[in-house]
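[1] Give the three-dimensional model of this entry:
(chains A, B, C, D and E)
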Amino acid sequence: MQIARIIGTTVATMKDPRLQGAKLLLCQPTDITGRQNLGQPFAAVDVVDAGEGDLILVCHGSAARQTASTKDAPVDSVVMAVLDSLELDGQTVFRKE
Amino acid sequence: MQIARIIGTTVATMKDPRLQGAKLLLCQPTDITGRQNLGQPFAAVDVVDAGEGDLILVCHGSAARQTASTKDAPVDSVVMAVLDSLELDGQTVFRKE
Amino acid sequence: MQIARIIGTTVATMKDPRLQGAKLLLCQPTDITGRQNLGQPFAAVDVVDAGEGDLILVCHGSAARQTASTKDAPVDSVVMAVLDSLELDGQTVFRKE
Amino acid sequence: MQIARIIGTTVATMKDPRLQGAKLLLCQPTDITGRQNLGQPFAAVDVVDAGEGDLILVCHGSAARQTASTKDAPVDSVVMAVLDSLELDGQTVFRKE
Amino acid sequence: MQIARIIGTTVATMKDPRLQGAKLLLCQPTDITGRQNLGQPFAAVDVVDAGEGDLILVCHGSAARQTASTKDAPVDSVVMAVLDSLELDGQTVFRKE
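    Numbers count the residues shown, from 1 in each chain, chains lettered A, B, ... in the order given. Modelled structure (predicted):
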């Protein structure tokens, strides 16, 4: 699973019917401290009520359809966890404020 | 899901029979403002009647077969939403004209 | 789907039994004009009788098993269309000779 | 499968219900000696009781759901083996201490 | 499918039970002549009795589970063919010795 930060939202009226009601967020991949951006933002469906600024875990591929709200939908990225903290070699490198 | 712009069309007479009738568009990945191109164009099946110049969302992998018209077809990329707007930190960074 | 050119062939006597009879071609990814090579060649199963020099579309991942001849086979790339032409902003950037 | 080292742990209270009880570890991809880091860390579910510092194998994609504890869960990376040793051209390039 | 060379072996006592008996080899991606290394080595299950030094084809993703011995196992890469020769524009660029 990839570490990323919620940075924005998307609006799309014309979309596949199986995406009606899905919350599509913009996610920015980051390093494990959440401070440095890595690569390009992408869109993911949120299933854990994540908020802007949250550091989250995203899963990609067919795994993104293994939630109650994304089952059988054309979705390849889902926000499936909001991170509280990350520990590296026994040290806390990220803690949610 | 990846942000991209529709930049062209493809014609292919010899193709797998399950692709008959599929609209195969050329997509150029862009940044979240839609202004800067990122990486190489690719082809994707359109299921939302996207038009040339539209900023769209593409899903890749098995998710691309989760639409009524791509089910069971050899398709790994599908245009599943036309973007109306993108908001970043509360600011509109893209709006469809 | 990725744009590539057929550049060669492979011979492999020792292979998984489900690949018996499969035509395994060498494919070189190219840009949308078919003139500039991008990245490294790979092998793909041909299901549309593509010939050496043809510009083609390749799909990767589980989509590669969605054809009559690759079903249930250990195959992750399939040539599923031979391109006749590509149009970009209304201009033909590639036409098959 | 990718070679990586377990470098840390994650805590996430808000997560998809199918992830309850899953141990989500931070993994750093390395070269085959385990000494040089390659690319960015990611999170993976541990199913083999790996410990911090272990060199492990990770599988990505739908394969990550082929274990008793990750079946049907939104998981795209799983630690499925702890490496004891790696041999290259007949020489041991890594041995677990 | 990716072209790679078998360069070594792995030993892992602690692993998912579905991997018992699987031969996990180290593979180095190469160019189409087999002479130049490209990118990082990875581990793959061998199902065609490949030997060290062989140039082989690897398939990734769910395709890696489409063999008799990898079915339903947490495996994302499988060696499914040993290359005898590769021809490029009518010239043999690789031949097994």
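
[2] isn't residue A:15 right next to residue B:83, touching?
    No: using C-beta atoms under 8 Å, residue A:15 makes no contact with residue B:83, being 9.3 Å away. C-beta: built from backbone N, CA, C; applies to glycine.

[3] what do these two both touch?
    Here residue A:15 and residue B:83 have residue B:57 as joint contacts, going by C-beta atoms under 8 Å, 6 or more residues apart in numbering or on different chains.

[4] And those two? Which one has more around it.
    With neighbours defined as other C-beta atoms under 10 Å in any protein chain shown, residue A:15 and residue B:83 compare such that residue B:83 has more, 26 against 22.

[5] and the gap between the more buried one and residue B:32?
    Per C-beta to C-beta, to the nearest Å, residue B:83 is found 10 Å from residue B:32.

[6] tell me, what's touching these two both at once?
    Residues touching both residue B:83 and residue B:32 (C-beta under 8 Å, 6+ apart): B:3, B:94.

[7] Can you tell me who the nearest residue to residue A:51 once chain neighbours are set aside pairs with across the strands?
    In this structure, residue A:51 finds its nearest non-sequential neighbour in residue A:6, 6.6 Å apart by C-beta to C-beta, 6 or more residues apart in numbering or on different chains. Taking DSSP bridges, one obtains residue A:27 as the residues bridged to residue A:6.

[8] burial count for residue A:6?
    By other C-beta under 10 Å, 21 other residues sit near residue A:6.

[9] my guess is residue A:85 meets residue A:91, correct?
    No: judged on C-beta under 8 Å, residue A:85 makes no contact with residue A:91 at a distance of 10.7 Å.

[10] before we move on, the earlier item: for the residue nearest to residue A:51, which residues are in contact?
    A:25-27, A:46, A:50-54, A:56, A:79.

[11] same thing but 10 Å
    Contacts of residue A:6 were listed using C-beta atoms under 10 Å, 6 or more residues apart in numbering or on different chains, and they are A:25-28, A:44, A:46, A:50-56, A:58, A:79, A:82.

[12] Could you pick out the buried ones from the residues you listed?
    For these, a neighbour count by 16 or more other C-beta atoms under 10 Å in any protein chain shown gives the buried set as A:25-28, A:44, A:46, A:50, A:54-56, A:58, A:79, A:82.

[13] now those residues in CSV, with distance to residue C:65?
    Below are the buried ones among the contacts of residue A:6 laid out as CSV (distance: C-beta to C-beta, whole Å):
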residue, distance to residue C:65
A:25, 32
A:26, 32
A:27, 30
A:28, 34
A:44, 26
A:46, 31
A:50, 34
A:54, 37
A:55, 36
A:56, 32
A:58, 26
A:79, 29
A:82, 35
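
[14] Tell me which helix or strand the residue most central in space within chain A sits in.
    For chain A, the residue nearest the mean C-alpha position is residue A:79 (3.3 Å; C-alpha atoms, centre = their mean). Using DSSP states H and E, residue A:79 maps to strand A:77-82.

[15] which other helices and strands contact that strand?
    Helices and strands touching strand A:77-82, by 3 or more C-beta pairs under 10 Å, 6 or more residues apart in numbering or on different chains; DSSP states H and E, are strand A:2-11, strand A:24-29, strand A:42-46, strand A:55-60.

[16] How far away from the center of its chain is stretch A:60-80?
    How far stretch A:60-80 lies from its chain's middle: 11 Å, per C-alpha atoms, centre = their mean, to the nearest Å.

[17] That stretch: which residues count as buried?
    Neighbour counts over stretch A:60-80 (16+ other C-beta under 10 Å) mark A:60-67, A:70, A:73-80 as buried.

[18] One more: stretch A:32-51?
    A:32, A:34, A:40-48, A:50.

[19] Among those, pick out the one closest to residue E:19, please.
    Comparing the buried residues of stretch A:32-51 against residue E:19 with C-beta to C-beta places residue A:32 closest, at 28.3 Å.

[20] State the distance from that closest one to residue A:82.
    According to C-beta to C-beta, residue A:32 and residue A:82 sit 15 Å apart.

[21] returning to that earlier point: and the gap between the residue nearest to residue A:51 and residue A:56?
    In terms of C-beta to C-beta, residue A:6 sits 6 Å off from residue A:56.

[22] Check residue A:68 too.
    Separation of residue A:68 from residue A:56 (C-beta to C-beta): 18 Å.

[23] and stretch A:90-97 with chain D, contact?
    Yes: applying C-beta under 10 Å from any C-beta of the partner chain, one finds that stretch A:90-97 is in contact with chain D at A:90-96.

[24] Give me the contacts around that stretch.
    Identification of contacts with stretch A:90-97 by C-beta under 10 Å, 6+ apart yields A:3, A:30-35, A:53-55, A:82-88, D:8-14, D:26, D:52.

[25] pLDDT-wise, what's the bottom of the residues of stretch A:90-97 next to chain D?
    Here the lowest pLDDT out of those sits on residue A:90, with 86.

[26] what's the burial count for that residue?
    8.

[27] just to revisit the earlier point, for the helices and strands packed on strand A:77-82, give me JSON lines that also has distance to residue E:19.
    Listed next are the helices and strands packed on strand A:77-82 as JSON lines, based on distance: least, C-beta to C-beta, whole Å:
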{"stretch": "strand A:2-11", "distance to residue E:19": "25"}
{"stretch": "strand A:24-29", "distance to residue E:19": "30"}
{"stretch": "strand A:42-46", "distance to residue E:19": "31"}
{"stretch": "strand A:55-60", "distance to residue E:19": "22"}
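
[28] Contacts only, for the residue of chain A found nearest chain C.
    Residue of chain A nearest chain C, by C-beta to the nearest C-beta: residue A:62 (7.7 Å). Contact partners of residue A:62, counting by C-beta under 10 Å, 6+ apart, are A:75-76, B:61-63, B:66, C:61-62, D:61-62, D:64-65, D:74, D:76, E:61-62.

[29] tell me the SS of it?
    Of the three states, residue A:62 takes helix according to DSSP: H, G, I helix; E, B strand; the rest coil.

[30] Tell me the residues of chain A that contact chain C?
    Contact residues, chain A versus chain C (C-beta under 10 Å from any C-beta): A:61-62.

[31] Low-confidence ranges, chain A, go.
    For chain A, no stretch has pLDDT under 70.

[32] try 90
    Residue ranges of chain A with pLDDT under 90: A:89-90, A:97.

[33] just the angle between the strand holding residue A:79 and strand D:24-29, please?
    120 degrees (axes from the mean of the first three to the mean of the last three C-alpha atoms, to 10 degrees).

[34] Strand A:77-82 vs strand D:42-46, what angle?
    Note on geometry: by the same axes, to 10 degrees, strand A:77-82 and strand D:42-46 are set 70 degrees apart in direction.

[35] circling back: make JSON lines out of the buried residues of stretch A:32-51 and add distance to chain E.
    Shown next, in JSON lines, are the buried residues of stretch A:32-51 (distance: C-beta to the nearest C-beta, whole Å):
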{"residue": "A:32", "distance to chain E": "20"}
{"residue": "A:34", "distance to chain E": "26"}
{"residue": "A:40", "distance to chain E": "21"}
{"residue": "A:41", "distance to chain E": "25"}
{"residue": "A:42", "distance to chain E": "19"}
{"residue": "A:43", "distance to chain E": "22"}
{"residue": "A:44", "distance to chain E": "20"}
{"residue": "A:45", "distance to chain E": "21"}
{"residue": "A:46", "distance to chain E": "26"}
{"residue": "A:47", "distance to chain E": "23"}
{"residue": "A:48", "distance to chain E": "25"}
{"residue": "A:50", "distance to chain E": "28"}
